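Peer 1: Next come a sequence and a model predicted from it.
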Amino acid sequence: MHNGFKHTLIILVPLLIVFAALPGVYQNHLLLFNFVIFLILAQGVNIIYGFTGYLPFGYVGFFGAGAYGFAVMVMHFQTPAVAAVLVAGLVGIALGLLLTPLLRLTGAYFAIANLAASLAVLHLVANPALENITKGPYGVSLTGTFNPSFAYDAALVVLAITLGGVIYLRNSSFGLALQAVREDAVSAAMAGVDVVKMRVIAWLASALVAGLAGGVYAWYVSVFYPDNVFSGEFSIFAIVFALFGGVATILGPIVGVIILYGIYNLIGFTTPQYFQLVYGLLIMGLVLFLPAGLMSLATRRGWHVP
Amino acid sequence: MLSYALIAGVLFGLYFSLVGIGLNLVFGVMRIVNLAHGDTIMLGAFIALGVVTLAGIDPLFAVPLAFVVFLLAGVLLYWVLVPRLQGSSNPEMLSIILFFGLSQVIEAVTTIFAGTSERSIQSRLLGTVFTTIKVKWFGGTPGRGGPIQILGQGFPAPWVIAAVTSLIAIALVYLYLYRTRLGTLTRAVMSRRDEAFATGIDVDRVSAVAFGIGLGLAAISGVFAPFMFGSITPAFGADATVTSFAIVVLGSLGNPLGTALGGIVYGVCYMLVQTYLSSWADLLPYVLLILILLLRPSGLLGRRVRVA
């Protein structure tokens, strides 16, 4: 685990210090918070897509379910926010367990089924018939727990846990086994890797991360509608950020979020259509010219990328 | 009420088959997931709108126009995008992301030119060409173009026209695949791409044509979208893509004719749920999609099961 320690020291600690210090010097706290959320989600996608090859096109399902887990706990049981965030993580895991049969599907089938699953959860939560529990399409308002600075710190904790998980995957035999399964499941099984167990653990870890992120997000924004927290943009952005940087690395998704989400905020809010156009072209260019991400530029030269 | 729901379901189902069949053809031949499928449908609807507002003629004339335009666009697009994609390590996965990017571009460009407002076409305009011909050749007066009677129940005329057009289009796809040389080659590529390549089939040419036909069919279905769904916006594409996937997977991914069955099953379910459980109707496509994928991943007419 020597490498793991080194990666913690040179990536995780500096990143956390920077994001812990930034609110003091930069005024747009919501933007910083969104950066942290996308760092978490991109790493969550990295865990499942980078290390196992399953493309979670409906990743936002876990995020939204976590947000609503938080909301339901706070609204109906008056739980303290920290406990509700933990419950949000558990909701993510529960939804992940419910969806484990999807892992039997491969390739595009899995991606599509996962997308459908997230939309099904959205329509379930937003159903007016369940207004007593989730407030249906009318949205929830959690003014009682509203405390952005604590929520921001909680997001940093979740980010630390997530990054710790990815550093472990990058440096352990477990992560290596997962990548072996991704490359060739049959050969990995013959080498003594328990394929199903490995995949399920990675899947649930990734679901947990998104659930926690959803809980923290609900805590931070405190007023939201189903369409906000189940917005397909979360899945797409997380996937594109991770892919842009390069999956199955620690640094890739971080670089992806900082560059692309930075560009997003530079050109984003004034003219949404032009922004969407630029973004779409960027995605296409990425797939056509740099399918293995920015980090592949370095690995192609023989440099080791953490 | 039940028989109304069933007949309306079959009419919608035939239309839904047309919505999905292009997506399935593209996936079957190229193993490419065209997430911009819904956006092609949306563009087809805008062609219909253009025909009505600019030329002032029956939107049915948009059908051949949309097909030809998108056949050519598809062939062109294929040569730009696909060979590069096939050379990468995981084309199936990357195609999802690539075509997602394309769908964003299409949606953005359409929004820039057309705005975000909902647009619709008066439903009595569809099919005016038939009334005109009837009046010209057989005399009589133009009717009011009211609902069409089937088994004693009245249905809006655009539903029937869309269903009949879909039926004709699916029959033509069948003829293409089973009665022409290029169609036979297409089926060869569908069943084994590498072996087809080894036998000397020009896989790229066959795929390019199939891609063009796939987009063309999507655009045709788009011509009827304003009538079937009431109105159309540039953001319509994303929903249409998911619905198309539900239909295609229901039939079986990779078997274009299975889509016809999938569409009808979907249409009947859709109408039944709308009639009896309307507040849960939104959930239907997704739940149906997941159930089918889990219980019978090969679809209703599938041959091979794709399980890891």
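Peer 2: Arrived safely.

Peer 1: So which elements touch the helix or strand where A:Ala155 lies?
Peer 2: Using DSSP states H and E, A:Ala155 sits within helix A:148-171. Here helix A:148-171 touches helix A:2-7, helix A:13-25, helix A:29-45, helix A:81-98, helix A:173-183, helix A:195-221, going by 3 or more C-beta pairs under 8 Å, 6 or more residues apart in numbering or on different chains; DSSP states H and E. In short, each C-beta sits where N, CA and C put it, glycine included.

Peer 1: for the record, mean pLDDT for the first one?
Peer 2: Per-residue pLDDT over helix A:2-7 has a mean of 78.

Peer 1: So which residues make contact with it?
Peer 2: A:Ile167, A:Tyr168, A:Arg170, A:Asn171, A:Ser172, A:Ile250, A:Pro306 (C-beta atoms under 8 Å, 6 or more residues apart in numbering or on different chains).

Peer 1: if you set the cut-off to 7 Å instead, what comes out?
Peer 2: A:Ile167, A:Tyr168, A:Arg170, A:Asn171, A:Ile250, A:Pro306 (C-beta atoms under 7 Å, 6 or more residues apart in numbering or on different chains).

Peer 1: Next, count neighbours for residue 252.
Peer 2: Since you didn't name a chain, this refers to chain A. Residues contacting A:Gly252 under the criterion other C-beta atoms under 10 Å in any protein chain shown number 29.

Peer 1: You answered for a different chain; I wanted chain B.
Peer 2: B:Ser252, neighbours per other C-beta under 10 Å, totals 25.

Peer 1: Now that it has come up, it's in contact with B:Thr259, right?
Peer 2: No. Using C-beta atoms under 7 Å, B:Ser252 makes no contact with B:Thr259, being 8.0 Å away.

Peer 1: Show me what from chain A comes close to chain B.
Peer 2: Within chain A, the positions adjacent to chain B are A:55, A:57, A:101, A:104-109, A:111-113, A:115-117, A:119-120, A:123-124, A:127-129, A:185, A:236, A:239, A:243, A:273, A:276-277, A:279-281, A:283-284, A:287-288, A:291 by C-beta under 7 Å from any C-beta of the partner chain.

Peer 1: related to what we said a few turns ago, which of the helices and strands packed on helix A:148-171 has the lowest mean pLDDT?
Peer 2: Across those, helix A:2-7 gives the lowest mean pLDDT, at a mean of 78.

Peer 1: sorry, back to before: tell me the buried residues in the helix holding A:Ala155?
Peer 2: Within helix A:148-171, the residues that qualify as buried are A:151-152, A:154-156, A:158-160, A:162-163, A:165-171, counting by 16 or more other C-beta atoms under 10 Å in any protein chain shown.

Peer 1: all strands of the stretch 151-300 of chain B, in order?
Peer 2: Secondary structure of the stretch 151-300 of chain B (DSSP state E, counting those that start in this stretch): strands at B:153-155.

Peer 1: low-confidence ranges in it?
Peer 2: B:152, B:254, B:296-300 (pLDDT under 70).

Peer 1: Check the stretch 101-250 of chain A too.
Peer 2: Looking at the stretch 101-250 of chain A by pLDDT under 70, you get an empty list.

Peer 1: hmm, 80 instead?
Peer 2: Scanning the stretch 101-250 of chain A for pLDDT under 80 picks out the ranges A:106-109.

Peer 1: Setting aside sequence neighbours, what's the nearest residue to B:Leu288?
Peer 2: Nearest residue to B:Leu288 in three dimensions, chain neighbours excluded: B:Ala246, at 5.8 Å (C-beta to C-beta, 6 or more residues apart in numbering or on different chains).
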